[in-house]
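Peer 1: here is a sequence with its predicted model. Questions after.
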There are 2 protein chains.
Amino acid sequence: MVARPSGATPAPPTRDADRTRAEILAVATREFADKGYDGARVDEIAARMSTTKRMLYYYFGNKERLYIAVLEHAYSGIRALERELDVEHLDPADAMRMLAELTFDHHEAHPDFIRLVSIENIHRAEHIARSEALSGLANPALDVLTRILERGRAAGAFRSDVDPLDVHMVISAFCVFRTANRHTFNAIFKRDMLEPQRRGHYRAMLGDLVLDYLTAR
Amino acid sequence: MVARPSGATPAPPTRDADRTRAEILAVATREFADKGYDGARVDEIAARMSTTKRMLYYYFGNKERLYIAVLEHAYSGIRALERELDVEHLDPADAMRMLAELTFDHHEAHPDFIRLVSIENIHRAEHIARSEALSGLANPALDVLTRILERGRAAGAFRSDVDPLDVHMVISAFCVFRTANRHTFNAIFKRDMLEPQRRGHYRAMLGDLVLDYLTAR
DNA sequence: CTATTAACTCACTAGATAGTTACTTATACG
DNA sequence: CGTATAAGTAACTATCTAGTGAGTTAATAG
């Protein structure tokens, strides 16, 4: 415990640009992920911050630039996690299953991110296109995947005609669908794909799906 | 050509409730699919109709009920198509591939429907839940799929532990992802999953994916 | 201690947007 | 034919919403 004239808490500085900016971004992320770009309300974001609406405009300029900042921040977090992937020590099949399962966990742990991606697709990725930080920024997970496929092919374990991006697409499709389409799927089929009891089943199923495809024939 | 006092065209009646209603629904479908629920503008829909905004309220009450009507209409169209599925004459593996490919074609032919589903998921399916016509209305394609799996299992061609809804989920995930996430995927990986040249590749890949999974081991 | 500037507050506004009020006219039916 | 009513029009409004104008205060450098 640090010696301090009065009060136990760290006594935050009354003014702190970084902290204010970060708080706006955090609150805005929730609001945009929750309601979509058009459904999100600047006044609602403002009401949930400890600072005022004017600060939001001070730091981010307008609603759209705030939204782009939210997207950039969300993507950078995901990329950071992906960079930590290390499956080089496993044999190709195990590495592949591991990658698929980590991606699966990852999507489950970041529903806000998935929602932002869906929202951005409704807008035809126009905001990503407008962001220098995002358009064309490659995905670290794809490099890992490419290495695994190379090793698997070399070892004769995997079929030879597969494209890494196609495999990535299948994994993403499975994970994204489970989260992004959860509500309509549940409304129509009365099955919640995110029910905890089913988690293990879907996780194993994704691994099987990918490996059966890669090792077929 | 029908005898008619003047003019060659059918001379539309000046007043026709069905036609007006249908036109509003068609224009609204495009607007909602294009911009999302919150992004859609009632005035924009009105401007693109041959009738006035007041009629929209006359027939549908408010923006939300119009949107629900759009959803109901879109789903009913898709269901009608699905009911025409007939693969009983094919052996299980071929039937399965056929079903997957027809679903694939189907999703590609109805991008507006996929967008409406994405939009509805952003809203956590709250409008579907509010629609008696939609919530819990089973999917005819699922019955077909169930029959194919039964036949395949009986013939010893498919593994025995698969659930029809899981297979349906995989097929949907693949098809929906390709359409719904086209824009962010393209922005990041510079690959348009809907490019006509790649169509055959993805279509065959989906069939392989499903069959390799069903016939593995 | 003073000046400068970054960080912040409060009250306001132009324009957009869903929805309505009050009225008119074509059509069907006895 | 005439009248009830469904179908349609035009103009309007309350409210919401993104964005601002104009100033104040805390931190920092000299």
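Peer 2: Arrived safely.
Peer 1: for DNA strand C, what are the nearby residues on chain A?
Peer 2: A:14-17, A:19-20, A:51-55, A:58 (CB under 7 Å from any atom of the strand). For every residue, glycine as well, the C-beta is placed using N, CA and C.
Peer 1: from DNA strand C, how far out is the residue nearest to A:Phe185 when sequence neighbours are not counted?
Peer 2: Counting by CB to CB, 6 or more residues apart in numbering or on different chains, the nearest residue to A:Phe185 once its immediate chain neighbours are dropped is A:Met193, at 6.0 Å. Distance, A:Met193 to DNA strand C, using CB to the nearest atom of the strand, to the nearest Å: 32 Å.
Peer 1: list phi and psi for A:Met193.
Peer 2: Per-residue torsions, A:Met193: phi -70, psi -10 (degrees, to the nearest 10).
Peer 1: I'd guessed it sits against A:Met205; true?
Peer 2: No: if you go by CB atoms under 8 Å, A:Met193 and A:Met205 don't touch, sitting 11.0 Å apart.
Peer 1: between these two, what contacts are shared?
Peer 2: Between them, A:Met193 and A:Met205 share no contacting residue under CB atoms under 8 Å, 6 or more residues apart in numbering or on different chains.
Peer 1: and the contacts of stretch A:36-47?
Peer 2: Under the contact criterion CB under 8 Å, 6+ apart, stretch A:36-47 has outside partners A:24, A:27-28, A:31-32, A:34-35, A:52-53, A:56, A:63, A:66-67, A:119, A:122-123, A:127, B:35-39, B:122.
Peer 1: next, the buried residues of that stretch.
Peer 2: A:36-40, A:44-46 (16 or more other CB atoms under 10 Å in any protein chain shown).
Peer 1: list just the nearest of the residues you listed to A:Val176.
Peer 2: Closest approach to A:Val176 among the buried residues of stretch A:36-47 (CB to CB): A:Gly36, at 16.7 Å.
Peer 1: so the closest one: helix, strand or coil?
Peer 2: Put simply, A:Gly36 is helix when judged by DSSP: H, G, I helix; E, B strand; the rest coil.
Peer 1: can you check the pLDDT for A:Ala17?
Peer 2: Looking at A:Ala17, its pLDDT reads 87.
Peer 1: number of nearby residues for it?
Peer 2: 10 (other CB atoms under 10 Å in any protein chain shown).
Peer 1: out of everything not next to it in sequence, what's closest to the residue of chain A found nearest DNA strand C?
Peer 2: Relative to DNA strand C, the nearest point of chain A is A:Ala17 (2.8 Å; CB to the nearest atom of the strand). Excluding the flanking residues, the one nearest A:Ala17 by CB to CB, 6+ apart is A:Tyr59, at 7.9 Å.
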